[in-house]
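*Asks:* structure here, sequence nowhere to be found:
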């Protein structure tokens, strides 16, 4: 919100009753003028930025094995660390978003249970853990080449993953895979499929 500036008379004793009376008369006779409409577009833009609590970024090859890199980004937004959600995106060198997924706060916090030394964690401990998960969401060790081993058999059950896509990736030793954890034990593995021209999930 834009600050409201209020003009104040520094010497109130200089205002006599006659001056106040004339001012009141003019106010009553003047035509009321409407205030300009608020700039809602600016307000929304400021709000969208102000609720961003944490951002993690990394540039790394993904949609192509060499050359210009892709941008990995995790933006966590919300009223507080324990009440927000994160948007995970991968943007190729041309500015096209090739992957997008929403992660809830529980998706990031769930594995805290494996580190707890007491039955419950304090709010501060939970917040610290979520922030650490965000900061360490993109690590070099999470990238793998090849994305699919040449002799790795196809395992069905993954949505939108066809045997032909798997076979094509197995023939590409330079294909790059990225692994990340969602929730407590949902380990995910994604890669770019030149055959389908989109990001596919392998695990």
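*Replies:* Noted; the coordinates are in hand. Bear in mind that the values here come from a model prediction, so they are computed numbers and not experimental data. Numbering: from 1, shown residues only.
*Asks:* what bridges to the spatially most central residue of the chain?
*Replies:* Centrality entry for the chain: nearest residue to the mean C-alpha point is residue 75, 2.0 Å, by CA atoms, centre = their mean. On the basis of DSSP bridges, residue 75 is bridged to residue 55, residue 87.
*Asks:* what lies in contact with stretch 121-132?
*Replies:* Here stretch 121-132 makes contact (CB atoms under 8 Å, 6 or more residues apart in numbering) with 54, 76, 81-82, 105, 108-109, 112, 115. From N, CA and C alone the C-beta is placed, and that goes for glycine too.
*Asks:* what segments of this protein are strands?
*Replies:* Ranges of strands within the chain are 52-60, 70-77, 85-91, 97-104, 143-144, 177-182, 186-193, 198-201, based on DSSP state E.
*Asks:* of these, flag the one that's most buried.
*Replies:* Highest mean neighbour count of the strands of the chain: strand 70-77, a mean of 20 (counted as mean count of other CB atoms under 10 Å).
*Asks:* and it, how far out from the chain's middle?
*Replies:* The chain centroid and the centroid of strand 70-77 are separated by 5 Å, computed with CA atoms, centre = their mean, to the nearest Å.
*Asks:* same check, this time on stretch 163-171
*Replies:* Relative to the centre of its chain, stretch 163-171 is centred 31 Å away, using CA atoms, centre = their mean.
*Asks:* do stretch 61-71 as well
*Replies:* On the basis of CA atoms, centre = their mean, stretch 61-71 sits 21 Å off its chain's mean C-alpha point.
*Asks:* what's in contact with that stretch?
*Replies:* Taking CB under 8 Å, 6+ apart as the rule, stretch 61-71 contacts 57-60, 72, 90-93, 98, 145, 174-176, 178, 191-192, 199.
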